[in-house]
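**Student:** Sharing a model that was predicted from the sequence below.
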2 protein chains.
Amino acid sequence: MSTRREAVRQALTGSSGFRSAQDLYADLRAEGSKIGLTTVYRALQALSDSGEVDVLRTDDGEAVYRACDTESHHHHIVCRVCATAVEIEGPTVEKWAAEMGAQHGFRDVTHTVEVFGTCANCSR
Amino acid sequence: MSTRREAVRQALTGSSGFRSAQDLYADLRAEGSKIGLTTVYRALQALSDSGEVDVLRTDDGEAVYRACDTESHHHHIVCRVCATAVEIEGPTVEKWAAEMGAQHGFRDVTHTVEVFGTCANCSR
DNA sequence: CCATTTTTGACAACCATTTTCGTTTTCGCG
DNA sequence: CGCGAAAACGAAAATGGTTGTCAAAAATGG
């Protein structure tokens, strides 16, 4: 169902790195789609609710989305220049977070980790 | 100088955990201060520029601030109910982030880590 | 085909944050 | 003190990403 949502998913999958809703909207319009901004937001919300995409907030408060290859819990290392993201795993961090929680009496501990850097391409 | 900025700093220092600009504004007004919202924002921006407070974004895009005890790099574990924050250190994570960066050819690697949970008090 | 439900998109509403701008306060200095 | 420049302030308006509204359009299924 819902061709539109599919279009948003593909626009997201087709580009590496984190994209904002407005970015995706612009992309789709540029391709000739008559999609509305509202629908892009709705699609992204649905996709993030179902866990198909990751969401995080930039420092200026914009929400950015990314389609992930794996469904399991993982993190990213994002290039601060070109926004390319590489998925990374961190058993170390997972364990550390859990330990810290226990140590301070916290329950149901979750965490967000984002690593930023300048990728090999962009640092040349 | 700037009595107002001092008032904001104290409002922030006086309360544990992360507070939003609007929260602090409400607090100050409740205390009888005639401070304006604009000034609260300006003060918080100045304080964060000078590194005296930490800033991060909640999932709904609001900016929250916290006065930290130490000036060195560290992270927090935040109660998702009462927003109380405990400072934690993570040599493990620092090392891990650096390693991951090197491994994928990233330079100037930085990272943000936030741990959330329900604190002992609130989980009762 | 028609009725019902779902999806869509233009537009208005929201709300945190920023800008603008005229006023007030602070500060340096005679 | 007293005065003028500079900084700080606050009210109100503007901004901009995101969400809500609602009527039209498309899918669904008798």
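**Tutor:** Yep, it's here.
**Student:** residues from chain A in reach of DNA strand C?
**Tutor:** A:1-5, A:34-39, A:42-43, A:61 (CB under 7 Å from any atom of the strand). C-beta coordinates here come from the backbone N, C-alpha and C atoms, glycine included.
**Student:** In helices, which of those residues appear?
**Tutor:** A:3-5, A:37-39, A:42-43 (DSSP state H).
**Student:** and DNA strand D, which of the residues you listed reach it?
**Tutor:** Within those, those near DNA strand D by CB under 7 Å from any atom of the strand are A:3, A:37-38.
**Student:** how near is residue A:44 to DNA strand D?
**Tutor:** 8 Å (CB to the nearest atom of the strand, to the nearest Å).
**Student:** ok, back up a step: tabulate the ones next to DNA strand D among the ones in helices among the residues of chain A next to DNA strand C (CSV), appending pLDDT, distance to residue A:92 and neighbour count.
**Tutor:** Output for those, formatted as CSV (pLDDT from 0 to 100; distance: CB to CB, whole Å; neighbours: other CB atoms under 10 Å in any protein chain shown):
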residue, pLDDT, distance to residue A:92, neighbour count
A:3, 78, 42, 8
A:37, 96, 40, 14
A:38, 96, 42, 9
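**Student:** Out of the residues you listed, the closest to residue A:75 would be?
**Tutor:** Distance to residue A:75 across those (CB to CB) is lowest for residue A:37, with 29.5 Å.
**Student:** wait, doesn't the closest one sit right on residue A:26?
**Tutor:** No - counting by CB atoms under 8 Å, residue A:37 does not reach residue A:26; the two are 9.6 Å apart.
**Student:** burial measure for residue A:7, as a count.
**Tutor:** As a burial measure, residue A:7 scores 19 neighbours (other CB atoms under 10 Å in any protein chain shown).
**Student:** Mind giving me the packing neighbours of the strand or helix carrying it?
**Tutor:** For residue A:7, the host element (DSSP states H and E) is helix A:3-13. Secondary-structure packing of helix A:3-13 (3 or more CB pairs under 8 Å, 6 or more residues apart in numbering or on different chains; DSSP states H and E): helix A:21-30, helix A:37-49, strand A:63-67.
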